[in-house]
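> no FASTA, just this:
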């Protein structure tokens, strides 16, 4: 087994209680969403480099070409810009393409079409055209691929009007948000996290939607709000367990969608706790962390008992080596440490809990 | 393999040996082609004349000299066929049947412009007649048109898509990518390359080795032809063949049509005097002007007499005057309009 597969397999997640329903992996939940969409809507098609290969895009596209045919589920030339344009043009003409990338870095080759075309046409032609396009990609991490195969690019796209961006953290949301994205009449970027692909969760059978633009409270708490999306929620949940042992009651807000941002949910939680820690799988500079920091400074200032805190990537490219990665990526301990620091703001010094750095 | 140096001169045959009335086309159809070209010519001239008055606050890219390509191509299409273009939109928009008043309202930044004052001259769209989209990024519309053609193929629609591009567009990587994909999937698309030899003020020889653009297209397994872009009928016939191939499931075609842009890349007037090209070069092309050449043929052959020609001019002038008056009397957008259509419902 390649070491990176071993790494992903070694990740430990809380096991969902099967008594509550059917347990399905995150990757399988995506596979179900794609299958349902292809089955119910003839305008849906799925394309991307390797969607029909044996690894099947982390298993998310497994069996789809066999079931729905090579006209609707097909591999593409290595032509990211053209394929993003083709997907956009098809979306403008009655289709609902799902264009899949197993590394978000390759979407950068297609920014011209995504940012300057797909996101703009509905506005530019005064509503004559809609662009129901889904751009799917899995963020890599922790498997040695470094600066050019691991980038979490959602922060770059946050400032593009006309785009929506969803980042599910659970198998339930991965399926429901992907179905919402496919049914949405706008370009929607769906960024998954590779480290979530084998996470299990309770996933309803059949069709359902998770609304785009709605955050959810994963854990109610009194003392501070930890807000983020995708794999950062997994880390925040682990941190919250640790914090609870130290008597700190963290509320966790899972954004699920980062554009449009559920500002009300963030501000409401801040109003309750008075402290906010933003966590992200991407760079802090100019991304979700920065945007939410600005939001609460602008509209939640009166509720702040302490400055906004953030945990994300430093303003440094992703290193490839294993040891450097440990310094680079935040973990649950770093989130817990940031939470403790936040709680201690304005107080006299007291000993830090043992798990903090 | 040696290749002749790039020539910026007209290589066509003009109207020598040119006798469309002897062919299968009804005289009325030929007159309609002429009228459509003449109408675009007069509209462009009036836009240019009024542009200096600064009422049209939009960057314009005039098609004076390139009327035959737009008209000949659009005449080979059905209303349900789609056209995508670059920033140089006026000719294709008008030839495809786009509404003149809505175009001029757009150019005057009015609320009832064809795209509500969000696009301006570079983004004239009228989906009701198949003028489906434009891009101001060179090559931007090329893959989008291919996506439209893929949609037609997947849905089993009897529809062909044309994308207008320029010589410089063949330098963009996305155009190569798209030709490859179009050949791979045999989608119903026509790549219509108006080679006007200049990208803004950069001549072809500074941008490409001396080459036959057809061969470049053929290297992607896309059948290619070169046609006289000053001859509306030749354009019509080449496009008709390409469209028939697309409709029959034969896949894409690439058409190269050498033409000449009489004016600067953008704005009014010719900028040849700045030195990047010779005025004599333009004058030589104007001697084979597509509108004049075809008009002279129709007059000489008796298909259009002086009275009919005069009536045609008067009707066009009247339509243009009405449309400008309509645009100037149209309302400006209001602030709430800015926030509409960022997202679709």
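Cool, got the structure. It should be emphasised that the depicted structure is a prediction, and the values quoted were computed from it without experimental measurement. Numbering: from 1, shown residues only, chains lettered A, B, ... in the order given.
> C-alpha from now on. contacts and neighbour counts both.
Will do.
> burial count for residue 105?
All of this is about chain A. The criterion is other Cα atoms under 10 Å in any protein chain shown. On that basis, residue A:105 has 20 neighbouring residues.
> my bad, chain B
If you count neighbours by other Cα under 10 Å, residue B:105 ends up with 29.
> separation between it and residue A:129?
With distances taken as Cα to Cα, to the nearest Å, residue B:105 is found 20 Å from residue A:129.
> Quick one: residues contacting the residue nearest to residue A:280 when sequence neighbours are not counted.
Nearest in space to residue A:280, with sequence neighbours left out and distances taken as Cα to Cα, 6 or more residues apart in numbering or on different chains, is residue A:312 at 4.9 Å. With contacts taken as Cα atoms under 8 Å, 6 or more residues apart in numbering or on different chains, residue A:312 has the following neighbours: A:279-284, A:289, A:329-330.
> Show me what from the stretch 101-250 of chain B comes close to chain A.
For the stretch 101-250 of chain B, the residues in contact with chain A under the definition Cα under 8 Å from any Cα of the partner chain are B:114-116, B:118-119, B:123, B:125, B:127, B:135, B:140-152, B:154-155, B:174-175, B:177-178, B:181.
> Drop anything exposed from those.
Buried members of these, scored by 16 or more other Cα atoms under 10 Å in any protein chain shown, are B:114-116, B:118-119, B:123, B:125, B:127, B:135, B:140-152, B:154, B:174-175, B:177-178, B:181.
> hmm, back to that, the contacts of residue A:312 in strands, which ones?
Applying DSSP state E to the contacts of residue A:312, the entries found in strands are A:279-283.
> Including neighbour count, could the residues you listed go into CSV?
Supplementary listing: the ones in strands among the contacts of residue A:312 in CSV, determined by neighbours: other Cα atoms under 10 Å in any protein chain shown:
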residue, neighbour count
A:279, 27
A:280, 25
A:281, 27
A:282, 25
A:283, 25
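> In helices only, show me the residues of the stretch 101-250 of chain B next to chain A.
Secondary structure from DSSP state H places B:141-152, B:154-155, B:174-175, B:177-178, B:181 of those in helices.
> shaky segments in the chain?
Using chain A here. Filtered on pLDDT under 70, chain A yields the residue ranges A:1-3, A:348-357.
> That was the other one, I meant chain B.
Of all residues in chain B, those with pLDDT under 70 make up the ranges B:1-3, B:15-18.
> For it, which residue occupies the most central location?
When chain B is reduced to its mean C-alpha position, the nearest residue by Cα atoms, centre = their mean turns out to be residue B:70, at 3.7 Å.
> So the residue nearest to residue A:280: helix, strand or coil?
When classified by DSSP: H, G, I helix; E, B strand; the rest coil, residue A:312 comes out as strand.
> and residue A:54, that's in a strand?
No. Counting by three-state DSSP, residue A:54 falls outside a strand, being coil.
> Residue A:149: what's it in contact with?
A:103-105, A:140.
> For chain B, state which of the contacts of residue A:312 is nearest.
For the contacts of residue A:312, the closest approach to chain B (Cα to the nearest Cα) belongs to residue A:289, at 24.0 Å.
> That closest one contacts residue A:308, doesn't it?
No. With contact defined as Cα atoms under 8 Å, residue A:289 does not count as touching residue A:308 (9.4 Å).
> what's the neighbour count on residue 72?
Using chain A here. By the measure other Cα under 10 Å, the count of residues near residue A:72 is 19.
> Not quite, go with chain B.
Residue B:72: 27 neighbours (other Cα under 10 Å).
> wait, it sits on residue B:233?
Yes. Contact criterion Cα under 8 Å: residue B:72 and residue B:233 qualify, at 6.2 Å.
> shared neighbours of those two, which are they?
Between them, residue B:72 and residue B:233 have no joint contacts when contacts are counted by Cα under 8 Å, 6+ apart.
> which phi and psi does the closest residue to residue A:230 other than its chain neighbours have?
Excluding its sequence neighbours, the residue lying closest to residue A:230 (Cα to Cα, 6+ apart) is residue A:169, at 4.0 Å. Here is the backbone geometry of residue A:169 (degrees, to the nearest 10): phi -110, psi -10.
> surely residue A:169 meets residue A:231?
Yes. The pair residue A:169 and residue A:231 qualifies as a contact (Cα under 8 Å) at a distance of 5.9 Å.
> Overlap of the contact sets of those two?
Taking Cα under 8 Å, 6+ apart as the contact criterion, the residues that touch both residue A:169 and residue A:231 are residue A:196.
> can you give me the helices in the stretch 151-300 of chain A?
Listed in chain order, the helices of the stretch 151-300 of chain A (DSSP state H, counting those that start in this stretch) span residues A:154-157, A:171-183, A:231-245, A:263-273, A:288-299.
> Could I get the buried residue list for the longest helix seen in chain B?
Looking only at chain B and at elements set by DSSP H, the helix with the highest residue count is helix B:27-51. Applying a neighbour-count criterion of 16+ other Cα under 10 Å, the buried positions in helix B:27-51 are B:27, B:30-31, B:33-45, B:47-48, B:51.
> now, which of those residues lie close to chain A?
Intersecting the buried residues of helix B:27-51 with the surroundings of chain A, defined as Cα under 8 Å from any Cα, gives nothing.
> Neighbours of residue 304, how many?
Just so you know, I chose chain A. A total of 16 residues lie near residue A:304 under the criterion other Cα under 10 Å.
> Chain B, not that one
The local packing of residue B:304 (other Cα under 10 Å) involves 21 other residues.
> Check which helix or strand the residue nearest to the centre of chain B maps to.
Assigned by DSSP states H and E, residue B:70 belongs to helix B:67-75.
> what's the angle from that helix to helix B:27-51?
Interaxial angle of helix B:67-75 relative to helix B:27-51 (axes from the mean of the first three to the mean of the last three Cα atoms, to 10 degrees): 130 degrees.
> after helix B:67-75 comes which helix or strand?
Toward the C-terminal end, the helix or strand that comes next after helix B:67-75 (DSSP H and E) is strand B:82-85.
> which other residues reach that next one?
Counting by Cα under 8 Å, 6+ apart, the neighbours of strand B:82-85 from elsewhere in the structure are B:92, B:96, B:130-135, B:141-142, B:145, B:159-165.
> related to what we said a few turns ago, what residues are shared contacts of residue A:289 and residue A:308?
In contact with both residue A:289 and residue A:308: residue A:278, using Cα under 8 Å, 6+ apart.
> Looking at these two, which is more packed in?
Each of residue A:289 and residue A:308 has its neighbours counted (other Cα under 10 Å); residue A:289 has more, 27 against 20.
> Number of residues surrounding the closest residue in space to the more buried one that isn't next to it in sequence?
Counting by Cα to Cα, 6+ apart, residue A:289 lies nearest to residue A:278, which is 5.5 Å off, once chain neighbours are set aside. Residues within reach of residue A:278, counting by other Cα under 10 Å, total 26.
> What are the phi and psi values at residue B:218?
The phi and psi torsions at residue B:218 (degrees, to the nearest 10) take the values phi -60, psi -30.
> That one contacts residue B:225, correct?
No. Using Cα under 8 Å, residue B:218 makes no contact with residue B:225, being 9.3 Å away.
> ok, those two, which is more surrounded?
Using other Cα under 10 Å as the criterion, residue B:218 and residue B:225 rank with residue B:225 on top: 19 against 16.
> got the contact list for that one?
Counting by Cα under 8 Å, 6+ apart, residue B:225 touches B:214, B:238, B:254-256.
> which residues does it bridge with?
Per DSSP bridges, the residues bridged to residue B:225 are residue B:255.
> contacting residues around residue A:195?
By Cα under 8 Å, 6+ apart, the contact set of residue A:195 is A:8, A:11, A:140-141, A:231.
> With residue A:135 instead?
Taking Cα under 8 Å, 6+ apart, one finds A:98-101, A:187-190 in contact with residue A:135.
> Export these to a markdown table and append columns for neighbour count.
Putting the contacts of residue A:135 into a markdown table (neighbours: other Cα under 10 Å) gives the following:
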| residue | neighbour count |
| --- | --- |
| A:98 | 27 |
| A:99 | 25 |
| A:100 | 26 |
| A:101 | 22 |
| A:187 | 31 |
| A:188 | 28 |
| A:189 | 26 |
| A:190 | 25 |
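> ok, these vs chain B, which is closest?
After measuring the contacts of residue A:135 against chain B - Cα to the nearest Cα - the closest member comes out as residue A:187, at 9.1 Å.
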